[in-house]
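Peer 1: Here is a sequence together with a model predicted from it:
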Amino acid sequence: MSHLTTRRQFLKAAAAALAAAQAGCKILDEQEDSPGGVPTRPLGKTGERVSIIGMGGWNIGCAQEKDAIAIMREAVDSGITFFDNCWDYHEGWSEELMGKALAGGRRDKVFLMTKVCARDRKGAMRHLEDSLRRLKTDRLDLWQFHGIQWKDDPDLIFGENGALKAALEAREAGKVRHVGFTGHKDPGFHLSMLAKPFEWDSVQMPLNILDVHYKSFQKQVLPECVKRNIGVIGMKALGAQSGRIPKDLGIGADALRRYTLSLPISTLVCGIETRENLLQDLAVARGFKPLTPEDVVELEVKSRGPAADGNIEQYKVGNFGCDWHHKQGGQG
């Protein structure tokens, strides 16, 4: 088989995969401009609209306190409404910073999400109260089970004294408005969570030009979320905090962000540590138009070889992620 024939077959398969991911989804057509200049999209069936790029909680925790607060406040004032965080990011410091940044009237301008690490009801309740205190708020717009990457995660969460009970109680009490889950290890774990008897509001997953080739969330999980009208939150467009894809493949961050935003997702969490990062991502978001299918496939062609063994996506093949509850013996 010739090289040209192989390339044609790959291009055809890649185009088909893109079509499958977008099938039946109107989210890209439902993108709207906003006063701040950052477009918004619906978050699944929640009735909420969020900015197409979001503030990543882990990265902003790496900045100096004064700078982090200034960056987040400028982000809100510039039209970024989706704010991501997690109970264990920098041992709670990321939530502390975000709480300080959103104080003084900005809290009500954002859709605030954080994640819970505990898998049991008691531990999850404690994490929730910690997060509310640090974020200086009385409610979360979205609470997500963090880092689904162990075979027992779904059963622990849905167990008799599992964390789902905490989420349902918190939602009933008005402390949590919507419930979802996250993870970046293997699409099989996401599919196990989606198979549980619960109407998820959101699912967060890695989506980038490498993912389409190896343990692909784009191919396996994204279509299921689209079919069920679950809000999809993209992450790791650059290949995690280290930015492996730009470094290893020489593809610019702008093109990588645009690739992921061209998929049927609600928002893309961006790792922003400096004002330069913020301005770069705002430039991508403002006036965003999806890539053409040809542009998408071309990026996928460039990434096929480097993606083959998953080495660049260390969060899939390495020992990374949420293991807090296992270190606690499964309890909070």
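Peer 2: Yes, it's here. Numbering: from 1, shown residues only.
Peer 1: Residue 231 reaches residue 202, doesn't it?
Peer 2: Yes: proximity of residue 231 to residue 202 meets the contact threshold set by CB atoms under 8 Å, at 4.2 Å. In this view, the C-beta of every residue, glycine as well, is placed from N, C-alpha and C.
Peer 1: what residues are shared contacts of the two?
Peer 2: Shared contacts of residue 231 and residue 202, defined by CB atoms under 8 Å, 6 or more residues apart in numbering, comprise 43, 44, 46, 180, 266.
Peer 1: Next, format these as CSV and append pLDDT.
Peer 2: Below are those laid out as CSV (pLDDT from 0 to 100):
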residue, pLDDT
43, 98
44, 97
46, 98
180, 98
266, 98
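Peer 1: Which pair of the residues you listed spans the longest distance?
Peer 2: When these are compared pair by pair using CB to CB, the farthest-apart members prove to be 180 and 266, with a separation of 10.7 Å.
Peer 1: ok, the two, which is more surrounded?
Peer 2: Counting neighbours by other CB atoms under 10 Å for residue 180 and for residue 266 shows that residue 266 has the greater number, 28 against 24.
Peer 1: which residues touch that one?
Peer 2: 27, 41, 42, 43, 44, 50, 52, 202, 231, 232, 233.
Peer 1: Scan the residues you listed and report the most crowded one.
Peer 2: Greatest neighbour count in the contacts of residue 266, by other CB under 10 Å, goes to residue 52: 29 neighbours.
Peer 1: Could you export the shared contacts of residue 231 and residue 202 as JSON lines, including secondary structure and distance to residue 98?
Peer 2: Putting these into JSON lines (DSSP: H, G, I helix; E, B strand; the rest coil; distance: CB to CB, whole Å) gives the following:
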{"residue": "43", "secondary structure": "coil", "distance to residue 98": "19"}
{"residue": "44", "secondary structure": "coil", "distance to residue 98": "23"}
{"residue": "46", "secondary structure": "coil", "distance to residue 98": "21"}
{"residue": "180", "secondary structure": "strand", "distance to residue 98": "18"}
{"residue": "266", "secondary structure": "coil", "distance to residue 98": "20"}
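Peer 1: from the residues you listed, which single one is nearest residue 258?
Peer 2: The closest of the shared contacts of residue 231 and residue 202 to residue 258 turns out to be residue 266 (CB to CB; 16.0 Å).
Peer 1: so how far is residue 287 from the closest one?
Peer 2: According to CB to CB, to the nearest Å, residue 266 stands 19 Å off from residue 287.
Peer 1: Residue 304 now?
Peer 2: Taken as CB to CB, the span from residue 304 to residue 287 is 30 Å.
Peer 1: who's more crowded, those two?
Peer 2: A side-by-side neighbour count of residue 304 and residue 287, using other CB under 10 Å, places residue 304 first with 16 against 10.
Peer 1: now that one, what's its secondary structure?
Peer 2: Judged by DSSP: H, G, I helix; E, B strand; the rest coil, the three-state class of residue 304 is helix.
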